[in-house]
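Participant: Sequence first, predicted model second:
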Amino acid sequence: MNSPKFSLLSQGLEHVLAGRLDAADRALASLRARLDVDAHAEDMQYLIFAAAFSKRLGGASATEFNLYRRRFEQSQIGLFSLLASKLPFVSMSSAIANEMLTGFIRGHEAVTLLDVGIGRGLQEVALLHKLAEADALPQRLHVFAVEPDPDSLSTAREALGAAAQRLGVSFRFHGVACVAEDLTEEHWRLLESLPGCRLATASFALHHIAERPAPAPDAREGFFQRLAQWAPAGVVLCEPSSNHHRVGLGERFENAWRHYGFIFQLLEELELSRQEKNAIKLFFSREVEDILGTDEETQRSERHEPAGAWLGRLERTGFQPTSGLEKPWPAAHPAIAVRPYPGYVGLEYREETIVAILCARAARAAA
């Protein structure tokens with residue numbers, strides 16, 4: 001890309017990488033003076049990325065960017081609802097994941113579902129209704145929900161309990177207010193005591209597993225190794241496909257600019273108001289700020305990886321990618337291609353996989 005605004009943003013990055021913070025501040029201030037997000041749709045992306053770099057500089061620059069950005073912000077609850085209802089990647093990935101889970105659940109009277117990052121349980125309520133429509137509801141369902149936010153955990157418990165009662169399913173909810181890597185052996189023993197077909201799912205959650213400083217063991221590998229010991233019959237994961245994990249700031253910028261740029265381009269094709277489009281973009285600004293604006297590596301939480309990296313980790317830790325994914329899958333927008341690959345279904349925009357829905361089973365599933 002060769003434009004004055006992108007050149008200024010790139011200069012800001014180069015100065016940050018070289019430790020020339022005053023020069024970086026001047027480049028970003030010059031960029032900020034050129035932006036008009038009300039008149040030019042692409043300027044919101046520049047604002048978001050410049051604000052992320054300004055976080056590294058601190059002081060007046062970061063304050064100015066944040067004040068400008070707040071003009072467009074909405075409540076987190078409102079943003080989540082807007083994202084789930086308006087951005088096709090979210091609704092399509094949930095629908096495909098639920099179809100995969102339905103295939104694993106069909107024919108089982110009892111099921112235990114480990115759900116990492118359950119949030120408010122919206123996808124899981126939709127799963128129950130899909131199972132009912134497909135005449136595939138189990139008689140008994142245990143949901144072991146891992147979610148760091150206690151309020152979301154409580155909301156999920158109530159929503160799933162009400163849906164299960166309406167549908168006549170015997171239901172138990174086991175909620176743990178923590179992150180995946182903090183599950184203890186006591187938690188895993190409880191999981192092992194629960195009956196029925198074992199399944200695991202996580203939607204846009206596992207890339208948050210923290211990076212531990214050396215010589216601590218790899219937390220992601222450790223979680224999947226322990227998951228493989230639990231031996232689920234099926235694992236379904238939804239993850240963004242981009243590399244913001246263990247690469248340097250320059251490469252993270254290139255990958256993030258491309259990944260979020262595609263998302264923002266799709267947003268411009270949707271029938272949404274300018275306010276809604278900017279609000280959704282600002283939802284992602286928190287991720288960009290974490291990816292590019294967090295100086296301490298162990299404090300970063302938006303550590304996305306490409307689909308192939310997740311597949312490789314599954315295989316290394318004792319899982320087999322599921323075959324037979326070459327079939328029609330739910331589609332919701334003509335600009336998004338739903339393309340099956342070995343072990344995952346990709347949601348693609350302009351031939352780029354934006355979200356991957358991965359499907360695997362333990363090499364030795366529990367009886």
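Facilitator: Done, it's in. Residues are numbered from 1 along each chain as shown.
Participant: hey, where'd the helices end up in the stretch 51-200 of the chain?
Facilitator: 59-69, 76-86, 88-105, 122-133, 150-167, 185-193 (DSSP state H, counting those that start in this stretch).
Participant: Quick one: low-confidence residue ranges for the protein.
Facilitator: Along the chain, the parts satisfying pLDDT under 70 run over 1, 59-62, 64-65, 67-78, 365-367.
Participant: Which strand runs longest in it?
Facilitator: Selection of the longest strand in the chain by residue count, based on DSSP state E, yields strand 352-362.
Participant: List the neighbouring strands of that strand plus their orientation.
Facilitator: Next to strand 352-362 in the sheet, as set by DSSP bridges, lie strand 234-240 (antiparallel), strand 319-321 (antiparallel), strand 344-349 (antiparallel).
Participant: quick revisit: so which of the helices of the stretch 51-200 of the chain is the most surrounded?
Facilitator: With neighbours defined as mean count of other Cβ atoms under 10 Å, these peak in mean count at helix 88-105, which reaches a mean of 21. C-beta: built from backbone N, CA, C; applies to glycine.
Participant: Touching that one from outside, list them.
Facilitator: Helix 88-105 has contacts (Cβ atoms under 8 Å, 6 or more residues apart in numbering) with 83-85, 111, 113, 122-123, 126-127, 130-131, 134, 136, 138, 197, 199, 201, 203, 233-234, 236, 238, 263, 266, 270, 322, 329-333, 336, 338, 345, 347, 354-355, 357, 359.
Participant: for stretch 183-200, same thing?
Facilitator: With Cβ under 8 Å, 6+ apart, stretch 183-200 has contacts from 101, 104-105, 108-116, 138, 140, 142, 144, 146, 174, 176, 223, 226-227, 229-236, 365-366.
Participant: So which of the helices of the stretch 51-200 of the chain is nearest Arg274?
Facilitator: helix 76-86 (13.2 Å; Cβ to Cβ).
Participant: Just the CA atoms of the closest one, as CSV, please.
Facilitator: Written as CSV, here are the backbone C-alpha positions of helix 76-86 (Å, rounded to 0.1, in the frame of the first residue of the first chain):
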residue,chain,number,x,y,z
GLN,A,76,-19.6,-3.7,25.8
ILE,A,77,-23.0,-5.6,26.0
GLY,A,78,-24.3,-3.5,23.1
LEU,A,79,-21.2,-4.2,21.1
PHE,A,80,-21.4,-8.0,21.7
SER,A,81,-25.0,-8.0,20.6
LEU,A,82,-24.2,-5.9,17.5
LEU,A,83,-21.3,-8.1,16.6
ALA,A,84,-23.2,-11.4,17.0
SER,A,85,-26.2,-10.2,15.0
LYS,A,86,-24.6,-8.2,12.3
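Participant: domain assignment for the chain?
Facilitator: The chain is divided into the following domains under automatic domain parsing: 4-72+245-295, 83-241+305-362.
Participant: distance between the longest one and the chain's centre?
Facilitator: To tie it back to what came earlier, the one meant is domain 83-241+305-362. A distance of 11 Å separates the centroid of the chain from that of domain 83-241+305-362, by Cα atoms, centre = their mean, to the nearest Å.
Participant: From one end of that domain to the other, what's the distance?
Facilitator: The first residue of domain 83-241+305-362 is 32 Å away from its last residue (Cα to Cα, to the nearest Å).
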